[in-house]
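Asker: give me a model of this one.
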Amino acid sequence: MEKGIILPQVRSQMTPDWKTNGVRIVRAGELDTNTPQTPGMTRAAAITHAKVGASKLWAGTVVVEPDAKTSAHHHGELETVLYIISGRARMRWGDHLEFSEEAGPGDFIFVPPWVPHQEMNANPDVPVSAVVIRSGQDPVVVNLDIPEAHLSDKAPVPFHPPADRQ
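Answerer: Here you go, the predicted structure:
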């Protein structure tokens with residue numbers, strides 16, 4: 001066999017099976033709610049290792065009921081992105097949850113690794129619906145005992161000056 005020539009039977013063994021190992025579509029009715037839940041929030045997994053073979057990403061949806069909020073927590077070394085579909089989300093973060101900002105439909109939220117934060121619905125009447133993407137498969141949630149997390153979520157927003165004034 002000449003160098004650089006691949007025989008047809010070898011070529012067919014080297015070609016990936018794109019039908020079973022290619023693009024995967026997870027339909028709206030196929031999301032998996034058998035994932036860690038928080039009272040007042042409903043998570044549903046779409047992109048997981050079990051569903052599509054993903055190894056570096058997890059993606060799904062979350063619906064946050066009116067006035068619901070999480071406890072203070074972080075996600076270890078995972079990066080998290082939320083895309084707000086509807087409603088108004090409020091995020092608090094920092095060692096004492098001293099920073100706060102709101103996001104609405106079309107906005108993205110990025111939560112870096114190890115950042116203490118709290119998610120909440122800023123609207124008392126309308127659920128928040130969002131897409132969530134994480135940089136890993138494990139459902140890492142480290143709950144934190146931050147007394148400020150139990151204070152009213154009606155505090156003035158934002159708690160810190162906009163980036164252009166820092």
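Asker: OK, contacts around the nearest residue in space to residue 106 that is not next to it in sequence?
Answerer: Nearest-residue entry for residue 106: residue 84, 6.9 Å, with adjacent residues in sequence omitted and distances by CB to CB, 6 or more residues apart in numbering. C-beta coordinates here come from the backbone N, C-alpha and C atoms, glycine included. For residue 84, the residues meeting the contact criterion (CB atoms under 8 Å, 6 or more residues apart in numbering) are 103-109, 128-130.
Asker: using PDB, list the CA coordinates for the strand or helix carrying residue 84.
Answerer: Secondary structure from DSSP states H and E places residue 84 in strand 80-86. Once non-C-alpha atoms are left out, strand 80-86 reads as follows in PDB (Å, rounded to 0.1, in the frame of the first residue of the first chain):
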ATOM      1  CA  THR A  80     -23.100  29.300  34.600                       C
ATOM      2  CA  VAL A  81     -25.000  31.200  31.900                       C
ATOM      3  CA  LEU A  82     -28.700  32.100  32.200                       C
ATOM      4  CA  TYR A  83     -30.800  33.500  29.200                       C
ATOM      5  CA  ILE A  84     -34.000  35.100  30.400                       C
ATOM      6  CA  ILE A  85     -36.900  34.200  28.200                       C
ATOM      7  CA  SER A  86     -39.700  36.000  30.200                       C
END
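Asker: can you give the strand pairings for the helix or strand following it, parallel or anti for each?
Answerer: Towards the C-terminus, the helix or strand next in line after strand 80-86, according to DSSP H and E, is strand 89-93. Sheet neighbours of strand 89-93, with direction, are listed as strand 99-103 (antiparallel), strand 117-121 (antiparallel) (DSSP bridges).
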